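A.B. asks: Here's my sequence, what's the structure:
(one chain, ligands or ions: 2)
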Amino acid sequence: MHGNAEQKRLAKGLERLGAQKESLRTILDAFEPLLLAQEHMRGALLTAGLMAVTPDTDAFSRGMPIMVDRPLGDWADAFLASARKIFPVMAQAFPGISGGLGLVLHNLETGMLDPAPLMEACVSGDDVTIRSLARKLTLNPKVLALAGAYALRPILQVCGREAQEAMAEHNWDHGYCPVCGGLPHVALLKQSGVDDPFLKSHGAERWLSCSRCITQWKFKRHACPHCGNEENDTLEYFQPQDNTAERADLCKACGHYLVTLDVRDCVEEPVPDVAALGLIPLDIIMQDKGYTPVAETAWNKLR
Ligand SMILES: [Zn+2]
Ligand SMILES: [Zn+2]
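C.D. replies: Ligands and ions are numbered 1, 2, ... in the order given. Sure thing, here's the model as predicted:
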């Protein structure tokens, strides 16, 4: 989809959510500029001609995500451009780390911090490398990981845009993202393409959305994306009484939950980030019950 159209869809979705859930106003005010900046950056990278990465079909069919286990040095310039745009907006959403973000950017600008190993460590979830990069430059490793992930997101989205075609060819049935290997932060229940009246009650497809790059992929309805458990007696869900479109699927085998929005009756399907922000109150309930989100994000750990 064209960059501007996606930006408008995101802005409209955030506006609609703000009108529906007044209690989320402060959180939305903090995150809206950041989500818009990332979407703007995605559009800018597309306009600048950043190419999609063609999946290695053998590796992909064996479950290797498109951007994992490959050198990312070719995207160093794009990463720096993204960091320049995203970090100042991040600093406003997370004022407590604005100094740390400034240091990360300074080290990138002066060549002290090489973007390639940082990007590769972010994609592979390699905390040891993140900590070692941070230690050398006396940066806060948590800030470095968050900064890297946020600057990388628009790049992953642009590079991974052929994932849908690859998934159509090779059945992707994993609980992690086909583009970057990230874990899902939200699931959307969508209308199944099968138009059979006898299947009505089963006619929803469960689409997971990557917490790192928002790629969406179809996943089994009754399985835990975190541990793969498919046993009915340990898979449950929790639904708030006042909203049947919202639920959290939870796995008693591993103690993780995934918030889910049924979008079959939505006039316009919300983008996953907006859906996830709208489900923060459910995150709070589930964490109070002692469950852990499948993917921790900056907002579902906001407490
Ligand atoms: Zn991803
Ligand atoms: Zn599980």
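A.B. asks: ok, now which ones touch residue 237?
C.D. replies: 247, 248, 249, 250, 260 (CB atoms under 8 Å, 6 or more residues apart in numbering). No exception for glycine: its C-beta is placed from N, CA and C like everyone else's.
A.B. asks: Do you have the helices of the stretch 101-250 of the chain handy? List them.
C.D. replies: With DSSP state H, counting those that start in this stretch as the criterion, the stretch 101-250 of the chain has helices at 115-124, 127-136, 141-159, 163-169.
A.B. asks: export the contacts of residue 237 to a markdown table and tack on distance to ligand 2?
C.D. replies: As requested, the contacts of residue 237 are exported to a markdown table (distance: CB to the ion, whole Å):
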| residue | distance to ligand 2 |
| --- | --- |
| 247 | 16 |
| 248 | 13 |
| 249 | 10 |
| 250 | 8 |
| 260 | 15 |
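A.B. asks: For the strand or helix carrying residue 78, give me every contacting residue.
C.D. replies: Residue 78 is part of helix 76-93, with elements assigned from DSSP states H and E. Contact with helix 76-93 is made by 30-31, 33-34, 37-38, 40-41, 44-45, 48, 50, 97-98, 101-102, 104-105, 108-109, 114-116, 118-119, 146-147, 150-152, 154-155, as judged by CB under 8 Å, 6+ apart.
A.B. asks: Same question for stretch 21-36.
C.D. replies: Taking CB under 8 Å, 6+ apart as the rule, stretch 21-36 contacts 7, 10-11, 14, 17-18, 86, 89-90, 92-93, 150, 273-274, 277-278, 280-281, 299, 302.
A.B. asks: of those, buried ones?
C.D. replies: Buried subset of those (neighbour count, 16 or more other CB atoms under 10 Å): 7, 10, 14, 17-18, 86, 89-90, 93, 150, 273-274, 277-278, 280, 299.
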